[in-house]
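S.K.: Need the 3D shape of this:
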Amino acid sequence: MAEPAIRLTSVSKRFGGVQALDSVDFAVDAGEVHCLAGENGCGKSTIIKIVTGVYQPDPGARIELFGEVVEKVTPQEARARGIAVIWQDLALFPEMTVAENIAFETMLGNRPRRVSYPAMRKRAVAALARLDVDLDLDARLNTLPIAQRQVVAIARALVSDARLIFMDEPTASLTQSETDALLDVVRKLSARGVAVVFVSHRLAEVLDISSRVTVFRDGRLVGVYPTEGMTQGRLTELMTGKHFETTVAARDVTGPPVLEVQGLTRQGEYADVSFTLHAGEVLGLTGLIGAGRSELGHTLFGMSRADAGQVLLDGKPVRFPSNRAAVDAGIAYVSEDRLSLGLIQPQSIADNTVMAVLKRITSGGLISPAKKAALVDHWIRELAVKIGEPTDAVSTLSGGNQQRVVLAKWLATEPRVLILDSPTVGVDVGARAGIFRIVRQLAETGLAILLISDEATEVLANADRVLHMAGGRILGEYDPRETTLQGLEAAIYA
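M.R.: Model (predicted):
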């Protein structure tokens, strides 16, 4: 039996009136790839922060790190013992080189000292060699694709002699081929004795990469299960306590054309794109990351301009010089990156909800508290957003509830067209179902919805029609009622 890398026993954590963890046990063996699963808010992040010393558990907990009982874990203690976390935002330095990012922490100390660039490069080369990966050490990080930045973050952990690495949603922004490459890196880490705790809402890769999965629900341990023989459906039930039926929601839509795209082209991003979106329709647009899907969405929302072609809104040609002009015309856009483009994390739930409609709640140049409160209350109730108080920072909400606030912000503008760009990135399976119920209800009111996603299962289950985009072009159209998941995926990954 493998030696435990960590073992936590009877760990609890309360924040005010919220019981984030309730006497949970959690253990990971050396060299194991272990998945930590559960809905947003179940306690996954809390357990990671306790292991890494960011939070201290409530009295009565027992923590063992690599066979030794530790009375109090601090961030410094965790790093010294070889524990590292690669968060979803990676926490790297975009203007620094690959070598500088990898070896940065080894240059830190209590006293100022001259940086040895040869030593820095030597450490970076050694770390990348352990992963069997070759990167340009002099390339600035902001010039690299996200998959290579992930590798840089892992290499940085190895430079610090990490023996246990937590990876938080590492594949959320990767293509399938990039995901496959990253999972190969994780397997290499495991083969070298490094334990990896994998946190992901993509259940297929959870079952593919890990040997065991620990499931939390509402701060409590549901159980620890071998992934062999586990299905996505069963894992979903364990995480949520509910059974979800996978059904196709497609229907015949007879509403008039709202948005017509004719031969739209932007050099280097997409070419000769044409389609029609009708009132009350959910039109799916799928394809691998890099296919031009988001870039097309940016143009439709006035964030970039097309070089050729035209867009018609309610039969009239439009060209938006800015996203403000698109909003005024009735276009709303929910970005795939809610952390930087969708919400202002430190600001309140209320402020985030009304930021796109400030003119509507202003009287005499001042925001009317009564109008603001009424608008916020309406959308919180309408979208069933689970909050404490509207004055709470939006960062206090789970991923699914944050996404509902983003929807509220744009629905408050009363749009004619809603563009949803990967609306469930970083959202757990239970919250996804709730979001798509809202999407269907919106479509039934006549709202025209363009659903952009790289997950074939999402568009097949929730769209009335599906367009496949690759290399900046629309390659095919599919009726979800007549198309299998295998058939659509075969086209996407061909």
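S.K.: rest of the way, CA atoms for contacts and neighbours
M.R.: Noted.
S.K.: Who are the packing partners of the helix or strand hosting Ile102?
M.R.: Assigning secondary structure by DSSP states H and E places Ile102 in helix 98-103. Contacting helix 98-103 under the criterion 3 or more Cα pairs under 8 Å, 6 or more residues apart in numbering; DSSP states H and E are the following elements: helix 117-130, helix 146-159.
S.K.: list the buried ones in the last one?
M.R.: Same thing as helix 146-159. Taking 16 or more other Cα atoms under 10 Å as the basis for neighbour counts, the residues of helix 146-159 that come out buried are 146-159.
S.K.: Same question for the first one.
M.R.: Applying a neighbour-count criterion of 16+ other Cα under 10 Å, one finds 120-121, 123-125, 127-128 buried in helix 117-130.
S.K.: which of the residues you listed lies closest to Phe26?
M.R.: Lowest distance from Phe26 to those (Cα to Cα) belongs to Ala127, with 28.9 Å.
S.K.: ok, that closest one - contacts?
M.R.: The neighbours of Ala127, taking Cα atoms under 8 Å, 6 or more residues apart in numbering as the test, are 155-156, 158-159.
S.K.: Same question for Leu383.
M.R.: For Leu383, the contact set (Cα under 8 Å, 6+ apart) comprises 404, 408, 438.
S.K.: ok, and the most crowded of those residues?
M.R.: With neighbours set by other Cα atoms under 10 Å, the maximum within these is found at Arg404, which has 25 neighbours.
S.K.: That one contacts Ile387, correct?
M.R.: No: using Cα atoms under 8 Å, Arg404 is not in contact with Ile387, being 10.9 Å away.
S.K.: From the chain's centroid, how far away is stretch 195-204?
M.R.: Relative to the centre of its chain, stretch 195-204 is centred 13 Å away, using Cα atoms, centre = their mean, to the nearest Å.
S.K.: I'd like the helices and strands packed on helix 98-103 written out as a markdown table, with mean pLDDT and distance to Phe198 added.
M.R.: Output for these, formatted as a markdown table (pLDDT from 0 to 100; distance: least, Cα to Cα, whole Å):
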| stretch | mean pLDDT | distance to Phe198 |
| --- | --- | --- |
| helix 117-130 | 87 | 19 |
| helix 146-159 | 85 | 13 |
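S.K.: rewinding a little: any idea which of the contacts of Ala127 is closest to Thr484?
M.R.: The nearest member of the contacts of Ala127 to Thr484, counting by Cα to Cα, is Ala155 at 39.7 Å.
S.K.: For the closest one, which non-adjacent residue is closest in space?
M.R.: Spatially, and ignoring its direct neighbours in sequence, Ala155 is nearest to Ala127 (5.2 Å; Cα to Cα, 6 or more residues apart in numbering).
S.K.: Okay, helices next: where are they in the stretch 201-350 of the chain?
M.R.: All helices of the stretch 201-350 of the chain, identified by DSSP state H, counting those that start in this stretch, fall at 203-209, 232-240, 293-300, 323-329, 349-354.
S.K.: Nearest to Gly471, out of these?
M.R.: That would be helix 293-300 among the helices of the stretch 201-350 of the chain, by Cα to Cα, at 9.6 Å.
S.K.: for the closest one, packing partners?
M.R.: On a contact count with 3+ Cα pairs under 8 Å, 6+ apart, helix 293-300 meets strand 417-421.
S.K.: List the neighbouring strands of the strand it packs on plus their orientation.
M.R.: With DSSP bridges as the criterion, the sheet partners recorded for strand 417-421 are strand 331-334 (parallel), strand 448-453 (parallel).
S.K.: Reformat the ones you listed as JSON lines; add mean pLDDT and mean neighbour count.
M.R.: Written out in JSON lines, the entries for the strands paired with strand 417-421 read as follows (pLDDT from 0 to 100; neighbours: other Cα atoms under 10 Å):
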{"stretch": "strand 331-334", "mean pLDDT": "93", "mean neighbour count": "25"}
{"stretch": "strand 448-453", "mean pLDDT": "94", "mean neighbour count": "25"}
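S.K.: how much space between Phe320 and Ile331?
M.R.: Counting by Cα to Cα, to the nearest Å, the separation of Phe320 from Ile331 is 10 Å.
S.K.: my read is Trp410 is in a strand, agree?
M.R.: No: residue state for Trp410 (DSSP: H, G, I helix; E, B strand; the rest coil) corresponds to helix; a strand is not indicated.
S.K.: Spatially, which residue comes closest to it, not counting chain neighbours?
M.R.: Nearest non-adjacent residue to Trp410, counting by Cα to Cα, 6+ apart: Ala332, 5.8 Å away.
S.K.: Can you name the residues that contact that neighbour?
M.R.: Applying Cα under 8 Å, 6+ apart, one finds that Ala332 lies in contact with 301, 326, 410-411, 413, 415, 417-419.
S.K.: go on, Ala443?
M.R.: By Cα under 8 Å, 6+ apart, the contact set of Ala443 is 279-282, 449.
S.K.: Closest one of those residues to Gly255?
M.R.: Of all the contacts of Ala443, the one with the least separation from Gly255 (Cα to Cα) is Ala279, at 4.7 Å.
S.K.: Go ahead and confirm that closest one touches Leu450.
M.R.: No: counting by Cα under 8 Å, Ala279 does not reach Leu450; the two are 10.9 Å apart.
S.K.: Now for the two: what residues contact both?
M.R.: Joint contacts of Ala279 and Leu450 (Cα under 8 Å, 6+ apart) do not exist.
S.K.: Could you measure from Gly471 over to Thr179?
M.R.: Separation of Gly471 from Thr179 (Cα to Cα) stands at 19 Å.
S.K.: next one: Leu420
M.R.: Taking Cα to Cα as the criterion, Leu420 is separated from Thr179 by 23 Å.
S.K.: How about Val206?
M.R.: Between Val206 and Thr179 the distance is 12 Å, computed by Cα to Cα.
S.K.: Looking at those two, which is more packed in?
M.R.: Val206 (23 against 17).
S.K.: you'd agree the more buried one is up against Gly38?
M.R.: No: between Val206 and Gly38 there is no contact, the gap being 11.7 Å when judged by Cα under 8 Å.
S.K.: For this protein, give me the ranges with low pLDDT.
M.R.: Across the chain, residues meeting the criterion (pLDDT under 70) sit at 1-2, 107-113, 172-177, 244-246, 289, 337-341, 426, 428-430.
S.K.: Now do the domain split for it, please.
M.R.: Taking automatic domain parsing as the criterion, the chain consists of the domains 4-240, 257-492.
S.K.: Let's have those in JSON lines, adding distance to Val248.
M.R.: As requested, the domains of the chain are arranged in JSON lines below (distance: least, Cα to Cα, whole Å):
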{"stretch": "domain 4-240", "distance to Val248": "16"}
{"stretch": "domain 257-492", "distance to Val248": "4"}
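S.K.: And these: which comes nearest Arg251?
M.R.: Set against Arg251 and scored by Cα to Cα, these come closest in domain 257-492, at 5.6 Å.
S.K.: okay, how far is it across that closest one, tip to tip?
M.R.: With Cα to Cα as the measure, the ends of domain 257-492 fall 27 Å from one another.
S.K.: Give me the buried entries from the contacts of Ala332.
M.R.: Neighbour counting with 16+ other Cα under 10 Å marks 301, 326, 410-411, 413, 415, 417-419 as buried within those.
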